[in-house]
Structures are given as structure tokens and as C-alpha cells.
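Chemist: Got a sequence here, can you build the structure:
(2 chains)
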Amino acid sequence: DAGVIQSPRHEVTEMGQEVTLRCKPISGHNSLFWYRQTMMRGLELLIYFNNNVPIDDSGMPEDRFSAKMPNASFSTLKIQPSEPRDSAVYFCASSLALGQLNTDTQYFGPGTRLTVL
Amino acid sequence: SQQGEEDPQALSIQEGENATMNCSYKTSINNLQWYRQNSGRGLVHLILIRSNEREKHSGRLRVTLDTSKKSSSLLITASRAADTASYFCATWGAGGTSYGKLTFGQGTILTVHP
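Modeler: Sure, this is the predicted structure:
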């Protein structure tokens, strides 16, 4: 299995531009998570989906952030407009979620390092 | 604020020594998990301990959980240079604002010198 795939691996953009991060979960996994990692705040859960439906988006910082999961094999995290404080590493993770979600192992992608100038 | 707080923030040891990292948390949990992150990579799940368990082993890893003190420890025995990484504890909340989600601590940076 290829694992969780994220693209791009690195993104450098200017303030005000739209940024779209992409994630392909492990085939057969039913849950997908978006996290953000910074030195100041550590790893934060932004949003997660179960069976393509957003379950908890309370971690999304503000309306500039949006996430979609149009099908079981693809998700996007969009920032519009981007700001320098959005600079971080964004991770996508997926889990099987056959039983209780809380005991499932989450498998992380390699992350997208976003720099907003 | 982060649910889990690791201690120490950084740990430097020699190959063959044991490494112990601690994690404290604030609210009630369903389980506690430990992850490893190599530099520039995503996190890798190491071990999960449920709230009704006190100790768990996996290879060279030993995890303890004390729910009365809201703390956990991860012991890596006979460390190797390849164990050099950041280690995070993560709690699956059983109530409050952390309910139904995995909340990560700030991590311990472990360096194992050959």
C-alpha cells in the first residue's frame, strides 16, 4: 500500500493567494483527518471526516479555511486568502474506523510544508 | 492549550541506554497513544493504552498509564541511533472540548548518540 499521499510536499505562496492542499487516504479507510503543525502550537486537529462526511470542524481556525471530501479517495484543504500566520506543516491522516474510531490507528501522510510570504 | 504535555522537552542519551519520556494530561480520556515523528516526516503510531489499562509492552517499548495522576510514561529500552526522533503522546478525549478527538502534546525530542 502506498500509504497516505499528500500533495504538494512544499508550497510557497504570497499573502492573499489561494492555497489548495490535497490528500489521498489509504484505500479502504473510512476516516480522514487534517492536522496543522507549528512550533508554537504543536499539532492541532483542524477537521475530520467519517465516510466522507465532516464530523468535527471545530479546529478550523477561521472562515478562510475550508475542507472537502468529495469521495472516499480524495480530500482537499483550501485556504483563501492565505496569510503569513498560516505557514505550517499540514498533515493528512486516515484510519480504518471499522469499529470504535477512538481505538483506530491513524496513518499520517508526509505532510505539506506551507510558507506564506 | 495542548491536552498532553511531554517531559522532558529534549533528551540526549547514548546508544544502549534507556530513554524515558513522560506525558501529563488534563481531562478524562478514553485512551492514550504514543507516536514517533522522524525529522521532516509524518507521525507513526507506536502504541495505544486504554484508560482501564496500567501497562503495555511492544517490543522495546513499555508504556504505563496512571489515570489518577493523569500521566503516562514511555520507556524505550536499549536505545539505538535509529530511535532518534520526536515522540508525542496523544489523548483520545472522553469528555469536554477534547471529546471524540485525538489531542497531541508538544513532544519530546530524543537524540540517541552512537
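Chemist: What sits closest to the residue in chain A positioned nearest to chain B if chain neighbours are left out?
Modeler: Of all residues in chain A, residue A:108 sits closest to chain B, at 3.3 Å by Cβ to the nearest Cβ. Just so you know, the C-beta spots here come from the backbone N, C-alpha and C atoms, and that holds for glycine as well. Using Cβ to Cβ, 6 or more residues apart in numbering or on different chains and skipping the chain neighbours, the partner closest in space to residue A:108 is residue B:42 (3.3 Å).
Chemist: For the one you found, give its distance to residue B:49.
Modeler: 22 Å (Cβ to Cβ, to the nearest Å).
Chemist: With residue B:35 instead?
Modeler: 13 Å.
Chemist: Give me the more crowded residue out of those two.
Modeler: Neighbour count, other Cβ atoms under 10 Å in any protein chain shown: between residue B:35 and residue B:49, residue B:35 has more, with 24 against 19.
Chemist: check which helix or strand covers the more buried one.
Modeler: Element membership for residue B:35 (DSSP states H and E) is strand B:29-37.
Chemist: Check what pLDDT the most centrally placed residue in chain A gets.
Modeler: The centre of chain A sits closest to residue A:34, judged by Cα atoms, centre = their mean, with a distance of 2.7 Å. Looking at residue A:34, its pLDDT stands at 97.
Chemist: next one: residue B:35
Modeler: 95.
Chemist: ok, back up a step: which other residues reach the next helix or strand after the strand holding residue B:35?
Modeler: Remark: after strand B:29-37, the chain's next helix or strand is strand B:43-50, criterion DSSP H and E. Residues from elsewhere that reach strand B:43-50 (Cβ atoms under 8 Å, 6 or more residues apart in numbering or on different chains): A:43, A:91, A:93, A:103, A:105-108, B:30-38, B:55-56, B:58, B:61, B:63-65, B:72, B:74, B:87-88.
Chemist: try 6 Å this time
Modeler: With contact meaning Cβ atoms under 6 Å, 6 or more residues apart in numbering or on different chains, strand B:43-50 is reached by A:105, A:108, B:31-37, B:56, B:58, B:61, B:63, B:65.
Chemist: Got a quick ChimeraX command for the buried subset of these?
Modeler: Applying 16 or more other Cβ atoms under 10 Å in any protein chain shown to the contacts of strand B:43-50, the buried members can be selected in ChimeraX as follows:
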select /A:108 /B:31,32,33,34,35,36,37,56,61,63,65
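Chemist: Turn the contacts of strand B:43-50 into TSV, columns for distance to residue B:114.
Modeler: Listed next are those as TSV, based on distance: Cβ to Cβ, whole Å:
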residue	distance to residue B:114
A:105	30
A:108	27
B:31	34
B:32	31
B:33	29
B:34	24
B:35	24
B:36	18
B:37	20
B:56	29
B:58	24
B:61	20
B:63	26
B:65	32
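Chemist: so which of the contacts of strand B:43-50 would you say is closest to residue A:74?
Modeler: Residue A:74 lies nearest to residue A:108 out of the contacts of strand B:43-50, by Cβ to Cβ, at 17.1 Å.
Chemist: quick one: the closest one and residue A:62, what's the gap?
Modeler: Taking Cβ to Cβ, one finds residue A:108 at 24 Å from residue A:62.
Chemist: Could you do residue B:19 as well?
Modeler: Going from residue B:19 to residue A:62 by Cβ to Cβ gives 39 Å.
Chemist: Right, I'll leave it there.
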